[in-house]
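[1] generate a structure from the sequence data that follows.
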Amino acid sequence: MSRYITSLTLPDKDSFLLTVIAESKKDYPEWSFVRMPFFQNEVDGYPIGLFPKGLSLEFSPVTILYGNNGSGKSTILNLMAEILEIGRRSPINNSRYFSLFAKFCQLTTHSDFDDIDRRRDIITSDDVFKHCFEVRDSNRESLMRQNEVVQEKINVQRNGVVPLRGLEDFGRWKREVSLQRKSFSENMRRYSSHLLKPASNGETALKFFTSTINSAGVYLLDEPENSLSPAFQLKLQEFLQQTAEWMNIQYIIATHSPLLLGMPKAKIINLDEEGAPKRKWSELENIRILHDFFAEREAEFK
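    Sure, this is the predicted structure:
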């Protein structure tokens, strides 16, 4: 199992501001906005306010960032994507300070990652939802186009040629003539797109992961459990575990899912605790909450 990214260090608020102010007076005048009183109220904002004391993280082949909402899980992935210059599929939360803060974060990588052009990607829950919507829209457009071809075939069979009122009608007339010369199935293939296999959002999401993650490198996954049922989350867990082991892939995952958090050999970093220590799955607050919830109802399973 590979460990391309070894560590990430986020600066504390005071040292970050002092350094930026000092640098803005010398080599980076574009950073001088930090010294303006108008912007001083923003210094506790995103992402600085999430890590006022700074943070230092060490990564394993599979690392899971755990924490409640607002703990900074997604922000850490976004900062890493910014540092690694990973292109985004969907827009992210941003602020005046985000890119500037990322410049002062220190990310270290293994030489195997530096010397070889490894794959680097980030997949967020927004990306998955966007893909599901795109598949749905593509099917809708394809179905509409197929219906148009069917209607044109009916028009030909009835010998009812639409009057030519412009280029659009002329194009339709040409297709009707073509329909007379060629088989219906051939024209369906030529003039209408192929319908993608209908599937639930969960099925589409799982296929998105298994088709996108296809080569060695680093993948940052932000709440990949969204849209996935528990059964599909277990399938995703198995896929991530096997690809990490056999395809030289490193995963850094932000998740609330107790099933993904239970992935064997994964290192769990608890962002709810000061210093973000490593914790066991069974030590996490939300796992204990679920344990107690089911323990109180144990009799119902007998």
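
[2] check which helix or strand residue 253 maps to.
    strand 249-254 (DSSP states H and E).

[3] quick one: list the elements packing against the helix or strand that comes right after that strand.
    Remark: after strand 249-254, the chain's next helix or strand is helix 258-261, criterion DSSP H and E. Judged by 3 or more Cβ pairs under 8 Å, 6 or more residues apart in numbering; DSSP states H and E, helix 258-261 is in contact with strand 62-66, helix 230-246, helix 285-296. Using the backbone N, CA and C atoms, a C-beta is placed for each residue, glycine as well.

[4] quick check: next helix or strand after the first one?
    This points to strand 62-66. With secondary structure assigned by DSSP H and E, strand 62-66 is succeeded by helix 73-83.

[5] then the strand holding residue 253 to PDB, C-alphas only?
    What follows is strand 249-254, C-alpha atoms only, in PDB (Å, rounded to 0.1, in the frame of the first residue of the first chain):
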ATOM      1  CA  ILE A 249      -3.600   4.100  -4.400                       C
ATOM      2  CA  GLN A 250      -3.600   6.300  -1.400                       C
ATOM      3  CA  TYR A 251      -6.900   7.600   0.000                       C
ATOM      4  CA  ILE A 252      -7.600  10.500   2.300                       C
ATOM      5  CA  ILE A 253     -11.300  10.500   3.100                       C
ATOM      6  CA  ALA A 254     -13.600  12.800   5.000                       C
END
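
[6] tell me the strands beside that strand, with direction?
    strand 62-66 (parallel), strand 217-222 (parallel) (DSSP bridges).

[7] could I get the ones you listed as a markdown table with mean pLDDT and mean neighbour count?
    Output for the strands paired with strand 249-254, formatted as a markdown table (pLDDT from 0 to 100; neighbours: other Cβ atoms under 10 Å):
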| stretch | mean pLDDT | mean neighbour count |
| --- | --- | --- |
| strand 62-66 | 96 | 24 |
| strand 217-222 | 94 | 24 |
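
[8] residue 66 contacts residue 266, correct?
    No - Residue 66 is not in contact with residue 266 according to Cβ atoms under 8 Å; the separation is 10.2 Å.

[9] what about residue 86, how many neighbours?
    If you count neighbours by other Cβ atoms under 10 Å, residue 86 ends up with 16.

[10] check which helix or strand covers it.
    Applying DSSP H and E, one finds residue 86 in no helix or strand.

[11] any idea how far apart the tips of stretch 265-277 sit?
    This stretch, stretch 265-277, spans 16 Å end to end (Cα to Cα, to the nearest Å).

[12] what's that stretch in contact with?
    1, 53, 55, 57, 59-68, 71-73, 76, 241, 253, 261, 278-281, 283-285 (Cβ atoms under 8 Å, 6 or more residues apart in numbering).
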